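S.K.: Got a predicted model here, sequence first, then my questions.
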Amino acid sequence: MLDARQSLTKTGTVPASLQGLPPEQTGAQDMRDISGNLILSRQIGKVTMSGGATRDWSHNTLFPATNTITSSVNGGTNLVTSGFFQLNAQVNVNWVAADGATVGTTRTITVYVQPAFVWKKPAVQVSPLITFTQGRTLLSNGTLTSDMLTGQYGGRFTWTLPGFMKFNTLSAQGSYNQNQDNVTGINQPSTQLLVLWTATWGHKRTL
């Protein structure tokens, strides 16, 4: 799928006495936004693959410091088999280029990976999870103003008891969280663990 759009905002006619002066003095504004988006998707057997790209140009003659070019590239895959293995993974990269004297460039990378292992007997599911985001902002003079990494690494375990106890489900979910700022030297890791016992009343026993 391919789509494109454009928006244009302009002021009225500039008085003859102000013509020839720069826009910041005349107040004449010419704000344009042009973007294009491309999405591709294909299924091969039990694997669904997708990818896309976006490009956006924003231009403002009255406030040129706000001119930006935003780009994004993303891809993903999803696999569901008749067996015990499943997979969902996504990768997204976007970056912004603005007036080099003010903002410079900003880049963000996000990765999400979650495989799943499901056994119908004995009703066990294991789902590891890996997700992290890395952001970086660099000025035109080479000054690094932001360099951050946020990550979550963990997973979930679920077990439904067999036989006449199958109305009980035990699950545990844990993760190690990383919050790191290389500019300020801050590193704040944390851990989480959640254990749940779920009982479903009114469960009908099958023979």
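M.R.: Looks like it came in fine.
S.K.: For this structure, which strand extends over the most residues?
M.R.: Ranked by residue count and defined by DSSP state E, the top strand of the chain is strand 144-160.
S.K.: Tell me the helix or strand right after the lowest-mean-pLDDT helix or strand in the chain.
M.R.: Lowest on mean pLDDT, DSSP states H and E among the helices and strands of the chain sits helix 23-26, with a mean of 64. Proceeding N to C from helix 23-26, the next assigned helix or strand is strand 30-44, under DSSP states H and E.
S.K.: which residue is nearest the middle of this structure?
M.R.: Of all residues in the chain, the one closest to the mean position by C-alpha atoms, centre = their mean is residue 110, 5.3 Å from it.
S.K.: what sits opposite it in the beta ladder?
M.R.: Judged by DSSP bridges, the bridge partners of residue 110 are residue 92, residue 133.
S.K.: who's in contact with it?
M.R.: By C-beta atoms under 8 Å, 6 or more residues apart in numbering, residue 110 lies in contact with 90, 91, 92, 93, 131, 132, 133. In short, each C-beta sits where N, CA and C put it, glycine included.
S.K.: same for the helix or strand that contains the first one, what does it pack against?
M.R.: Counting by DSSP H and E, the element that carries residue 90 is strand 85-97. If contacts are counted by 3 or more C-beta pairs under 8 Å, 6 or more residues apart in numbering; DSSP states H and E, strand 85-97 sits against strand 68-80, strand 105-119.
S.K.: In a markdown table: those, plus mean pLDDT and distance to residue 60.
M.R.: What follows is the helices and strands packed on strand 85-97, written out as a markdown table (pLDDT from 0 to 100; distance: least, C-beta to C-beta, whole Å):
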| stretch | mean pLDDT | distance to residue 60 |
| --- | --- | --- |
| strand 68-80 | 90 | 9 |
| strand 105-119 | 89 | 18 |
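S.K.: Perfect, that will be all.
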